[in-house]
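Trainee: need coordinates for the following:
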Amino acid sequence: MSIASGLLLAASWPARGLPVFAFIAFIPLFLVEQELFAKRERNRSIRFFLYAWLAFFIWNLLTTWWIVFSTVPGAITAVVLNSLFMAIPWWLMHSWRRLVPKHQGPFPVILFWLSFEYLHTKWDLSWNWLDLGNVFAAWPKWIQWYEFTGTAGGAIWVLVVNLLLYLLLKEVTGLGKFTKSARWYAAVAACVLLIPILLSHRIYARYEERRDPVEVVIVQPSFDPYQSPQSLIEATMRTEEMLALAELKLTDSTRFVVAPEAIMPEGIWMHQAEFNRHVLLIRNQIFRNPQLKWIAGSLVYQAYAAGEEVPHTARYFEAQGIYFDTFNSAVKIGPFGEIEFYHKSMLVPGVERMPFFRVLRPIGKLVESLGGTAGSLGTQDYREVFETGPDQPVIAPVICYESIYGDFMSGFIRNGATMIFILTEDGWWRRTPGHRQHHEYARLRAIEFRRPIVRAAGTGISSFIDQKGNVLQRTEWWETTAIRQTVNQNDQMTYFAMHGNVAGRFSVFLSVLLLLAMVIRKVITRKKSLPSQEKAG
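Mentor: Presented below is the predicted three-dimensional model:
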């Protein structure tokens, strides 16, 4: 049954899964829990934890195996640890039932799971690729109400339907007939399943974008991310190729050219940015098209002068005797003198950041020898937006992995962003489900914030997505091309943009109360057992 749960979850996942499987995927795991709870005198709680771990291990393995193309140790760590973390909310639910056995159903698993997803975004091992609400990413007509709840609403929906269907199955199989309680469970389950879909279709039909057009060109050069330029000539040729692709699509109305993550050859030193040869090449095109701005991804380096405070992420450049930081950044390039940076803040564990680096620094060399990162790229705390002039579009420059975090991205919207540009490089994973899943997740952000998505991917899939999550235009995998589209910017705030993951924060509060109750119950039970033990002695 644990294996069945894992297989059903994997079969539900985008981009090619059927999300309907998610509504029954946890029923086998609920049945496992019920079996072990009924025989709790003979089974310790750790046994259910291991069964849950098995289910989530299969789900993680079948859904995110493609990480191996980027890092083998990272893939093993992600699958093993993420499935372990997912098992904890279920183990807490089982432990709660064992401590308070009378009339205590498995409902606390909803609170524990939402708390897990929320807290999982807040630490160095964050990997929220498989948040339950992401399962509907390819079915935007079902989830237009995400503008109020974010993906946490989808997690609640999936868990509640699974729980009601499990209780229905338990009622029918236990009594062998369709009782009044069974009919009640069936009716409530049908309502909980169908009402959100009907509500979403109504929102979808009624929502109209306010006309405020912005013409954008996306460049997808499809350079192999594993092959860096080997000479100055090759680096220059890459920039010239991107400029040529953009030139084919430019019109007098084009406001932005968007290029993928880390696409600028050789990177940019911040103190020399105005004289960077690739910036100057791009500015030649801007000179011929004065209405134009480029937004592109680049590695960016910041040198620290003697006596200047050096952050813990800085590295020592022995040849010049200076400390410097490396950032994965978005760069806005305008006319001469106009250049801005946003530094990626939500870094990929193991690839861009060594988790708990301050503690694990001594084993850094071992981590590097295994293909990981000893240290961390630099980050910034503030969700920087790119302003482009009075009454002009304000851009959220989101870099790759950051786009899977709705709560995190709400900071860009609250800072005034009217459009979302996602700069990514998905070629690290080759032609696997990884790049398709990542693309579909962008549609969730369009719904949550009612902002158009302009997604520039180095090797595909690049796309334009409207405010309802519809893909207006997209490229194919590893296609060297440029595409142009006019999308409507929007400055209206959704509930989710203003307040973020309310369900997650509230669940953490209630989960803490439940955990305190469990601890108190455990202490009381232990004290009650002491007199009988002394008497027996």
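
Trainee: check the gap between the residue nearest to Ser463 when sequence neighbours are not counted and Arg97 for me.
Mentor: The spatial neighbour of Ser463 that comes closest, neighbours along the chain excluded (C-beta to C-beta, 6 or more residues apart in numbering), is Arg474 at 3.8 Å. No exception for glycine: its C-beta is placed from N, CA and C like everyone else's. Distance from Arg474 to Arg97, counting by C-beta to C-beta, to the nearest Å: 47 Å.

Trainee: tell me which of these two has more neighbours.
Mentor: Higher neighbour count among Arg474 and Arg97: Arg97, with 23 against 17, using other C-beta atoms under 10 Å.

Trainee: wait, what's in contact with that one?
Mentor: When contacts are counted by C-beta atoms under 8 Å, 6 or more residues apart in numbering, Arg97 touches 33, 37, 104-106.

Trainee: output the below-cut-off pLDDT ranges for the stretch 51-200 of the chain.
Mentor: Scanning the stretch 51-200 of the chain for pLDDT under 70 picks out 101, 103, 174-177.

Trainee: quick one, strands of it?
Mentor: Counting by DSSP state E, counting those that start in this stretch, the stretch 51-200 of the chain has no strands at all.

Trainee: show me where it has helices.
Mentor: 72-99, 108-119, 146-149, 151-175, 180-206 (DSSP state H, counting those that start in this stretch).

Trainee: can you add distance to Asn276 and give these back as a markdown table?
Mentor: As requested, the helices of the stretch 51-200 of the chain are arranged in a markdown table below (distance: least, C-beta to C-beta, whole Å):
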| stretch | distance to Asn276 |
| --- | --- |
| helix 72-99 | 31 |
| helix 108-119 | 40 |
| helix 146-149 | 40 |
| helix 151-175 | 39 |
| helix 180-206 | 45 |
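
Trainee: if we can go back for a sec, now for the residue nearest to Ser463: which residues touch it?
Mentor: 439, 461-464, 483.

Trainee: Provide a PyMOL selection command restricted to the buried entries of the residues you listed.
Mentor: Buried members of the contacts of Arg474, defined by 16 or more other C-beta atoms under 10 Å, are picked up in PyMOL with:
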select buried, resi 439+461+462+463+464+483
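
Trainee: now for the contacts of Arg474, which pair is the farthest apart?
Mentor: Farthest apart among those by C-beta to C-beta are His439 and Ile483. That separation is 14.0 Å.

Trainee: check which element follows the helix-or-strand element of the chain with minimal mean pLDDT along the chain.
Mentor: In the chain, no helix or strand scores lower on mean pLDDT, DSSP states H and E than helix 364-369, which sits at a mean of 52. Moving toward the C-terminus from helix 364-369, the next helix or strand (DSSP states H and E) is strand 386-387.

Trainee: parallel or antiparallel, which strands does the helix or strand following that next one pair with?
Mentor: Per DSSP H and E, the first helix or strand lying C-terminal to strand 386-387 is strand 394-399. The strands beside strand 394-399 in its sheet (DSSP bridges) come out as strand 386-387 (antiparallel), strand 419-424 (parallel).

Trainee: using TSV, lay out those together with distance to Ser511, mean neighbour count and mean pLDDT.
Mentor: Listed next are those as TSV, based on distance: least, C-beta to C-beta, whole Å; neighbours: other C-beta atoms under 10 Å; pLDDT from 0 to 100:
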stretch	distance to Ser511	mean neighbour count	mean pLDDT
strand 386-387	38	18	96
strand 419-424	31	27	98
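
Trainee: out of those strands, which is closest to Val72?
Mentor: Using C-beta to C-beta, the nearest of the strands paired with strand 394-399 to Val72 is strand 419-424, at 21.8 Å.

Trainee: the stretch 301-450 of the chain: helices as residue ranges?
Mentor: Going by DSSP H, counting those that start in this stretch, the stretch 301-450 of the chain shows helices at 357-360, 364-369, 406-414, 433-449.

Trainee: and of those helices, who's closest to Tyr185?
Mentor: Nearest to Tyr185 among the helices of the stretch 301-450 of the chain is helix 433-449 (30.1 Å), distances taken as C-beta to C-beta.
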